[in-house]
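*Asks:* Prediction below, plus the sequence it came from.
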Amino acid sequence: KGFFQCAFTYKEQLFYLTVLPNTAKKRSGAKPNTGDDFVVPLSPVQDVRTVSDYYRKRWNTETFFGHIKKNGFNLEDLNLKERQKVQIMMGVVALAYSLSIREGLQIEEIKIVNLKKHGARAVSVFRNGYDKLQTRIHRLTDLILTILNFIIKPYILILKT
């Protein structure tokens, strides 16, 4: 609702330091006394709504990396050093993450979403989908069939219409 903004110049480039209420902690289900009350993005953009939208998108990216690094795929535990191996594994994990999100969204179509008192989800879309995939994929062939279904099914639906 409220914000504060301060402009400054660095190397002939104008920047805006914007103080915004931290609405992400309310949405993510954090306890009321945890986290910061404000976020302070630095941007060359002055428009507060645009800065806020950019920050929200950045937060979605942070959530993705949190899931792949610590809260699901534990990518850091692999301790990969070679660039090519890291790139291949990131591709595999991004696909698995997409599968988890898609599966979670499908679960929400048929199941009531439980909410906490403050309105946040009790279980994230990712976690619902990830847990479901873990119960369904036990062999490499299961994974391959799931991936093929994920990639090919949208095209089959288009061809049918």
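*Replies:* Received the coordinates, thanks. Everything numeric here is computed off the predicted structure, so don't read it as measured data.
*Asks:* what about residue 17, neighbour count?
*Replies:* For residue 17, the neighbour count with other Cβ atoms under 10 Å is 14. To be clear about C-beta, it is placed using only N, CA and C from the backbone, and glycine gets the same treatment.
*Asks:* Leaving out chain neighbours, which residue sits closest to it?
*Replies:* Counting by Cβ to Cβ, 6 or more residues apart in numbering, residue 6 is the residue found nearest to residue 17 once chain neighbours are left out, at 4.7 Å.
*Asks:* For that neighbour, the count of nearby residues, please.
*Replies:* Neighbours of residue 6 under the rule other Cβ under 10 Å: 10.
*Asks:* Next: residue 57.
*Replies:* The local packing of residue 57 (other Cβ under 10 Å) involves 10 other residues.
*Asks:* who does the strand or helix carrying residue 99 touch, helix- and strand-wise?
*Replies:* Using DSSP states H and E, the element containing residue 99 is helix 83-110. On a contact count with 3 or more Cβ pairs under 8 Å, 6 or more residues apart in numbering; DSSP states H and E, helix 83-110 meets helix 48-69, helix 125-136, helix 140-160.
*Asks:* Now render those as CSV, adding mean pLDDT.
*Replies:* Listed next are the helices and strands packed on helix 83-110 as CSV, based on pLDDT from 0 to 100:
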stretch, mean pLDDT
helix 48-69, 84
helix 125-136, 90
helix 140-160, 78
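*Asks:* Point out the most buried one among these.
*Replies:* Most buried of these, by mean neighbour count (mean count of other Cβ atoms under 10 Å): helix 125-136, with a mean of 17.
*Asks:* Show me what it is packed up against.
*Replies:* So helix 125-136, by 3+ Cβ pairs under 8 Å, 6+ apart, packs with helix 83-110, helix 140-160.
*Asks:* distance of residue 23 from residue 99?
*Replies:* Note on residue 23: its distance to residue 99, by Cβ to Cβ, to the nearest Å, is 29 Å.
*Asks:* Which one's more surrounded, those two?
*Replies:* Neighbours were counted for residue 23 and for residue 99 using other Cβ under 10 Å; residue 99 has more, 20 against 14.
*Asks:* Residue 72 belongs to a helix?
*Replies:* No: looking at residue 72 with DSSP: H, G, I helix; E, B strand; the rest coil, it is coil, so not inside a helix.
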